[in-house]
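>>> Quick one: sequence and predicted model below, then my questions.
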Amino acid sequence: MSEKNQILLLRIAYWVGIIMDALVGLNMILATMLGNISPFLPTPFIGGTSYQFAMGFCASFMIAWTVLLIWADRKPVARKDILIITAGPVVGGFTIIEIFGLFLQTVTLIELIPMLMMRGALIVLFIGSYYWARNVEE
């Protein structure tokens, strides 16, 4: 793969992360204001004030991670390690929490499968982009 394509792949990975994080952050902001688990999905769950408070904290981190990925995109090769952190503790952490939610019966397996597939694809994209660009010089 050419160096130009390696950098393009890094930038695609950053922008997929930016878009996903921004959407999740927006969802969390709306959940904070409305109290629903997801304003975008039909669900009977109403979280209450404790849930809204927690979503407010989570929203600030999601928006911060969106900004971090935008910052990484400005120097895609020099900051490619951000993709490993994004794949590991961030996306991997969400995956662990969702599986924990399955055991707590907060989420069903049918609801979880699409999320696991999406998170798996993100992890492959982030780690793959990092791997392909590991020898690129800026």
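On my side now, so go ahead.
>>> what pLDDT does the spatially most central residue of the chain get?
What sits nearest the mean C-alpha location of the chain, by C-alpha atoms, centre = their mean, is Asp21, with 4.9 Å. Predicted confidence (pLDDT) at Asp21: the value is 94.
>>> buried ones in the lengthiest helix in the chain?
Ranked by residue count, the top helix of the chain under DSSP state H comes out as helix 3-34. For helix 3-34, the neighbour count (16 or more other C-beta atoms under 10 Å) marks 6-7, 9-10, 13-14, 16-18, 20-22, 24-32 as buried. C-beta: built from backbone N, CA, C; applies to glycine.
>>> now it, how far from the chain's geometric center?
Between the centre of helix 3-34 and the centre of its chain there are 7 Å (C-alpha atoms, centre = their mean, to the nearest Å).
>>> repeat for stretch 49-57
Centroid separation for stretch 49-57 versus its chain: 19 Å, with C-alpha atoms, centre = their mean.
>>> do the same with stretch 21-35
In terms of C-alpha atoms, centre = their mean, the centre of stretch 21-35 is found 13 Å from the chain centre.
>>> again with stretch 126-137
Distance of stretch 126-137 from its chain centroid, counting by C-alpha atoms, centre = their mean, is 19 Å.
>>> buried ones in that stretch?
Phe126, Ile127, Ser129, Tyr130, Trp132, Ala133, Val136.
>>> ok, the residue nearest to the fifth one when sequence neighbours are not counted to Ile127 distance?
This means Trp132. Spatial nearest neighbour of Trp132, excluding adjacent residues (C-beta to C-beta, 6 or more residues apart in numbering): Gln6 at 5.2 Å. From Gln6 across to Ile127, the span is 14 Å (C-beta to C-beta, to the nearest Å).
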